[in-house]
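Asker: predicted model follows, preceded by the sequence.
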Amino acid sequence: MEIATDRFDVLIVGGGPIGLACGIEAQAAGLSYIIIEKGCLVNSLFNYPQTMTFFSTSERLEIGDVPFASINSKPRRAEALEYYRRVQQKFSLNIRLFEEVGTVEKQDSGFKVTTSKAVYRAGHVIVATGFYDIPCMLDIPGESLPKVAHYYHDPHYYAGQRVVVVGASNSSVDAALETYRKGAEVTLVVRDSGIGKRVKYWVRPDIENRIANGEITALFNSRLTEIRATSVDVLTPTGPITLGNDFVLALTGYQPNFSFLERIGIDLAKDASRVPYHNPETMETNVSGLYLAGVVCGGMNTHLWFIENSRIHASQIVRHIISGS
């Protein structure tokens, strides 16, 4: 394993938009830094559905004062990937890709960070790992079958198939509409009494009309109870039913890597939110010199932070570091 000879002022865990923003702020402040990303550049965005459209307008996704030009008022995944690639290129950010952080150990002189490829020393560590890596599981029989996916990429794959989509969030509704338009027979299974309140306003009429017309079946106040090779069981308000089925898209949300946060010493809230402890003014955790940035700060409240309202974390953190507090 490589032993890095340089000691960095800041080591940033996560190469998503907020991790890049932290690197830009550190660079502007004259701090030495390195960004470690376990996947490709902006890995979470890369794993978004290929046809995904952001809720935010392009200017609210900007970092480093670099303009984000988009053909449409709300950019698509491909545009965002290209934008953040160009930002990384513009600032020549010091980033190591396809390298996973394993341990972050607090020492007298700062931190020792061990990754899958190297060992680093840093005065401060920023964790900007997001929440898209670990799906919230259904915990039902058959969930491990190959036909079940917790991520949705391309609707063409489901053409002509019987598809059950679990959930009524933006990702679930997008998947239901797009697979339906590719000729899938789509059933939405929703625990609540209706489509989610946060569904994009320009998408809501579409899904509601498809359901009203019987083009997409929606089972509200219902839950999936078992998955088999060619069928699924659903508990509905009128009793259990069995549906013929080829694929299940269990788009039930995602969560931060809580075990990693705990392993590196960050305290988590004892309630269901599991919000990691941090000072909202400085973003410093209960471990001195260890900071949080971006959506990871919300714990299970994954709708609390987005790119547009967590970009400021980068400047908050760097300002605290250079103040010597």
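Answerer: Yep, it's here.
Asker: residue 222 versus the residue located most distally from the centre of the chain, what's the distance?
Answerer: Of all residues in the chain, residue 238 has its C-alpha farthest from the mean position, at 35.5 Å, by Cα atoms, centre = their mean. Residue 238 sits 10 Å away from residue 222, going by Cβ to Cβ, to the nearest Å. No exception for glycine: its C-beta is placed from N, CA and C like everyone else's.
Asker: also residue 200?
Answerer: Per Cβ to Cβ, residue 200 is found 23 Å from residue 222.
Asker: which one of the two is surrounded by more residues?
Answerer: Applying other Cβ atoms under 10 Å to residue 200 and residue 222 shows that residue 222 carries more neighbours, namely 21 against 15.
Asker: ranges for the strands of the stretch 101-250 of the chain?
Answerer: For the stretch 101-250 of the chain, strands defined by DSSP state E, counting those that start in this stretch occupy the ranges 101-107, 110-115, 118-127, 134-135, 148-149, 162-166, 185-189, 217-219, 223-227, 231-236, 239-244, 247-250.
Asker: let me have those strands in CSV, adding mean neighbour count as columns.
Answerer: Output for the strands of the stretch 101-250 of the chain, formatted as CSV (neighbours: other Cβ atoms under 10 Å):
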stretch, mean neighbour count
strand 101-107, 15
strand 110-115, 19
strand 118-127, 22
strand 134-135, 14
strand 148-149, 18
strand 162-166, 25
strand 185-189, 24
strand 217-219, 18
strand 223-227, 18
strand 231-236, 18
strand 239-244, 11
strand 247-250, 22
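Asker: so which of the ones you listed gets nearest residue 308?
Answerer: Minimum separation from residue 308 across the strands of the stretch 101-250 of the chain (Cβ to Cβ) falls at strand 118-127, 18.9 Å.
Asker: what's the angle between that closest one and strand 110-115?
Answerer: Here strand 118-127 runs at an angle of 110 degrees relative to strand 110-115 (axes from the mean of the first three to the mean of the last three Cα atoms, to 10 degrees).
Asker: which residues does strand 118-127 contact?
Answerer: For strand 118-127, contacts defined as Cβ atoms under 8 Å, 6 or more residues apart in numbering pick out 1-4, 6-14, 19, 22, 34, 36, 96, 99, 104, 109-114, 261, 264, 266, 289-293, 296, 317, 321.
Asker: can you select the buried ones among those residues for me in PyMOL?
Answerer: To isolate the buried members of the contacts of strand 118-127 in PyMOL, using 16 or more other Cβ atoms under 10 Å:
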select buried, resi 4+8+9+10+11+12+13+14+19+22+34+36+96+99+104+110+111+113+261+264+266+289+290+291+292+293+296+317+321
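Asker: in helices, which of the contacts of strand 118-127 fall?
Answerer: Counted as lying in helices by DSSP state H, out of those, are 19, 22, 261, 317, 321.
Asker: any idea how the chain splits into domains?
Answerer: Domains of the chain are assigned by automatic domain parsing as 2-134+254-323, 137-250.
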